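**Q** Show me how the following folds:
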Amino acid sequence: MTSTMRGQAVSFFAAAFIFVIPSVAFPQVPKADDIAACNLEAQRAVRAGTGSAESALPNTKDQSRAAQAREAGKGDGAKSDDPQLAGMDPEGAKDAAYQAAYRICMRKAGF
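**A** Prediction:
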């Protein structure tokens, strides 16, 4: 390998490192518009009911988080370790179907 080729290879890998690592190390954070859109989509999905194509099926974690939110009552918002639930409406957090629809919306938005 010549020194020119070696220099090009080093430059390529350095550039790849500079552009790839920050996107992996710092995940995207949903903006207010993303949160509002997903809350609206989740409301529509819940209104449509479980028989519609828009409805999302809640998983066991959705059921558990919804039960915890109902027990907690009115707090300062929905808190979750799941980043796809960031910014979810506190009242919607009490409904497992709402949580499922919100989570799917956030996933579609890239979060």
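**Q** what about the closest residue to A66 other than its chain neighbours, how many neighbours?
**A** Leaving aside its sequence neighbours, A66 sits nearest to A96 (CB to CB, 6 or more residues apart in numbering; 4.1 Å). All C-beta atoms are positioned from the backbone trio N, CA, C, and that covers glycine. Close neighbours of A96, defined as other CB atoms under 10 Å, add up to 22.
**Q** OK, contacts around A96?
**A** Counting by CB atoms under 8 Å, 6 or more residues apart in numbering, A96 makes contact with P58, D62, Q63, R65, A66.
**Q** do M106 as well
**A** So M106 contacts P30, D34, C38, P83, Q84, L85, A86 (CB under 8 Å, 6+ apart).
**Q** in terms of contact, does Q28 touch A86 like I think?
**A** No. Between Q28 and A86 there is no contact under CB atoms under 8 Å: 10.6 Å.
**Q** Please identify which of these two sits among more neighbours.
**A** Each of Q28 and A86 has its neighbours counted (other CB under 10 Å); A86 has more, 18 against 11.
**Q** Could you report the pLDDT at the more buried one?
**A** With respect to pLDDT, A86 scores 91.
**Q** go on, R6?
**A** At R6, pLDDT is 71.
**Q** Please, which helix or strand holds it?
**A** For R6, the host element (DSSP states H and E) is helix 3-25.
**Q** same thing with L57?
**A** Using DSSP H and E, L57 is not contained in any helix or strand.
**Q** excluding its backbone neighbours, what's nearest it?
**A** A100 (6.2 Å).
**Q** Kindly report the same for R103.
**A** Q84 (4.6 Å).
**Q** hmm, back to that, show me which of the contacts of A96 are buried.
**A** Buried subset of those (neighbour count, 16 or more other CB atoms under 10 Å): P58, D62, R65, A66.
**Q** Brilliant, that's me finished.
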